[in-house]
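Participant: Predicted model and sequence below, questions to follow.
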Amino acid sequence: MKSLTEYLVFTTKRRREYINITDAVEKLVKQSGVREGLCLVNAMHITASVYINDAESGLIQDFDDFLERLAPHEPISRYRHNRTGEDNGDAHLKRTLMGREVVVAITAGSLDLGPWEQIYYGEFDGMRSKRVLVKIIGE
Amino acid sequence: MKSLTEYLVFTTKRRREYINITDAVEKLVKQSGVREGLCLVNAMHITASVYINDAESGLIQDFDDFLERLAPHEPISRYRHNRTGEDNGDAHLKRTLMGREVVVAITAGSLDLGPWEQIYYGEFDGMRSKRVLVKIIGE
Amino acid sequence: MKSLTEYLVFTTKRRREYINITDAVEKLVKQSGVREGLCLVNAMHITASVYINDAESGLIQDFDDFLERLAPHEPISRYRHNRTGEDNGDAHLKRTLMGREVVVAITAGSLDLGPWEQIYYGEFDGMRSKRVLVKIIGE
C-alpha cells in the first residue's frame, strides 16, 4: 500500500471565500503514484468546508445566499458560542451544512470525478492561516 | 490490495426521485472479493446525492418536503445560477443538504450496515442519464 | 493491509445528546497498529450522526437550536413518517443535516486532526441502545 499526506494552507482576503482546489489535489494524486485508491480531502478547521460542486460564479453566490439565510452572520448575539467573545458562531453552522470532507476515488492514476465535479475549499471565517489535509492511500 | 470500480447509470422518469441501490452495491462487494475494506458510493453529478436512510415511503416524502422548504424549485428566478438559462439551481442546494457520497465499511465480505441503513440515490434534476460511482478497496 | 472493526454502544439519558468520542476512537487507532491509513466512524442508526466540531458547550447548544429550527420535533403530526406510530420523524432530518459519518486520516499512528477537531456522536432519538462503527484500514 502506498500513501501520501499533504497539508494545503490558505489565508483568504475575505471572511467568506470559495476556492477551487481540484488542480492542487490532482497534482498530489500524480505525485503519490497511486493508480487505484481513495483520496480524502478535509478541512482541518471547524469553520471551513471541503465540498464538491460546479465552478460557476452564479452558483457560488447562490450557496453563499443559502448559507446566510439558514445561518446568518449577524446579529453576532444570536449565537451562544459568541458569548465567549468570538464572532464566528455562524461559521460553525455554515461548515456543517457544506460538509467537512470529500472522499474521491482514484482510478487509473487520476481523480475519478464526474464531468462538472470540482473540489472546493469553503472558508467561512477567513483572513487567517488555515489548513486542508489531503490523504491518499492505494496501490 | 484488491479494488473494484463500477459505474451505475440512472435515468429517472421524474425530476426528483429516490432509488434504493443497496442490493446493487452489495452485489459489487461480493464481486470484488474484498473481505475487509471500504466502499465509496458517490453521485458523479452535482445535482444528485447518495445518502443512507430508511426505506419508508412517508420518510422519503418528508425528505422531499424538507428539501423543497429549504431550497424550493420555484420561482426559477430565485437562483443566480438559473440566469445562465438553466432551471436546476435548487437541485445543487438539495444535493448539498443530502450529501454527495457515503463510505461504508466492508466486514467479512459484506456491507457492514446497521439494521435500517439503506443506500439511496437521490435525484434532484432527473430525466437524463446520470452516473453513480462505486469504488471498493481492501483485502 | 491491516484492519480493525469495532462497535461502540451508546444509551443516552435524553432524547438528544452530543457525546465526544475522540478518545475512544484514538484508542482504537493505537490498538489497530495502523501507521498510515483511513479511519471511518459512522452512526449505524438512521436517527443519529457522527460529526466533527469543537467541544464547547455554547456551540453544542447552537447546533441543537439550529436543528430544532430547521426540523422541529413538534408537532409530531408534522411528519408523514410519524403516521406509522413513531415520533422520530425530526430525528431522521436532524441526522441528515449533521451527517452520518466522518473519515479521518491516520498519520504516523495517530488521528490526523486539526487543533480543535473533536469527533462527536450526535443522538437525536436516544434512550435506547445504539451503535457506532469504527473501521480502520491501512499499514
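Facilitator: Yep, it's here. Numbering: from 1, shown residues only, chains lettered A, B, ... in the order given.

Participant: Output the longest helix belonging to chain A.
Facilitator: The residue-count maximum for a helix in chain A (DSSP state H) belongs to helix A:57-70.

Participant: how far away is the residue in chain A that chain C sits nearest to from B:H73?
Facilitator: Proximity of chain A to chain C (Cβ to the nearest Cβ) peaks at A:M44, 3.1 Å away. (Glycine included, C-beta is placed from N, CA and C.) Going from A:M44 to B:H73 by Cβ to Cβ, to the nearest Å gives 36 Å.

Participant: can you pull the contacts of A:P72?
Facilitator: Taking Cβ atoms under 8 Å, 6 or more residues apart in numbering or on different chains, we find A:P72 in contact with A:78, A:90.

Participant: the more surrounded of A:M44 and B:H73?
Facilitator: A:M44 (22 against 19; other Cβ atoms under 10 Å in any protein chain shown).

Participant: Could you find the closest non-adjacent residue to the more buried one?
Facilitator: Residue nearest to A:M44 in three dimensions, not counting chain neighbours: C:G114, with 3.1 Å by Cβ to Cβ, 6 or more residues apart in numbering or on different chains.

Participant: was I right about that neighbour contacting A:T47?
Facilitator: No. Assessed by Cβ atoms under 8 Å, C:G114 is found out of contact with A:T47, at 10.5 Å.

Participant: Between these two, which is the more surrounded one?
Facilitator: Counted by other Cβ under 10 Å, C:G114 and A:T47 do not tie: A:T47 has more neighbours, with 25 against 19.

Participant: Now do that one against A:Y120, distance only.
Facilitator: Applying Cβ to Cβ, the value for A:T47 to A:Y120 is 15 Å.

Participant: swap in A:I136?
Facilitator: Plainly put, A:I136 is 19 Å away from A:Y120 if you go by Cβ to Cβ.

Participant: and the two? which has more neighbours close in?
Facilitator: Ranked by neighbour count (other Cβ under 10 Å), A:I136 and A:Y120 place A:I136 first, with 26 against 23.

Participant: what is that one paired to in the beta sheet?
Facilitator: Beta-bridge partners recorded for A:I136 (DSSP bridges): A:L4, A:C39.

Participant: close enough to count as contact, it and A:A105?
Facilitator: No. Using Cβ under 8 Å, A:I136 makes no contact with A:A105, being 11.2 Å away.

Participant: ok, A:R100 - contacts?
Facilitator: Contacts for A:R100 (Cβ under 8 Å, 6+ apart) come out as A:42-43, A:49-50, C:51-52, C:99, C:102.

Participant: so which of those also contact chain B?
Facilitator: Counting by Cβ under 8 Å from any Cβ of the partner chain, C:G99 from the contacts of A:R100 sit close to chain B.

Participant: Can you pick out the most distant pair from the contacts of A:R100?
Facilitator: Farthest pair in those (Cβ to Cβ) is A:V50 and C:Y51. Separation: 14.3 Å.

Participant: confidence score at the residue nearest to the spatial centre of chain A?
Facilitator: A centroid search over chain A (Cα atoms, centre = their mean) returns A:V50, at 1.9 Å, as the residue closest to the centre. Looking at A:V50, its pLDDT reads 98.

Participant: Just to be sure, it is in a strand?
Facilitator: Yes. Membership of A:V50 in a strand is supported by DSSP: H, G, I helix; E, B strand; the rest coil.

Participant: Is it bridged to anything, and to what?
Facilitator: Counting by DSSP bridges, A:V50 is bridged to A:Y121.

Participant: which ones are touching it?
Facilitator: Per Cβ under 8 Å, 6+ apart, neighbours of A:V50: A:21, A:41-43, A:99-102, A:119-122, A:132.

Participant: Same check on A:L4?
Facilitator: Listed by Cβ under 8 Å, 6+ apart, the contact set of A:L4 reads A:28, A:31-32, A:34, A:134-136.
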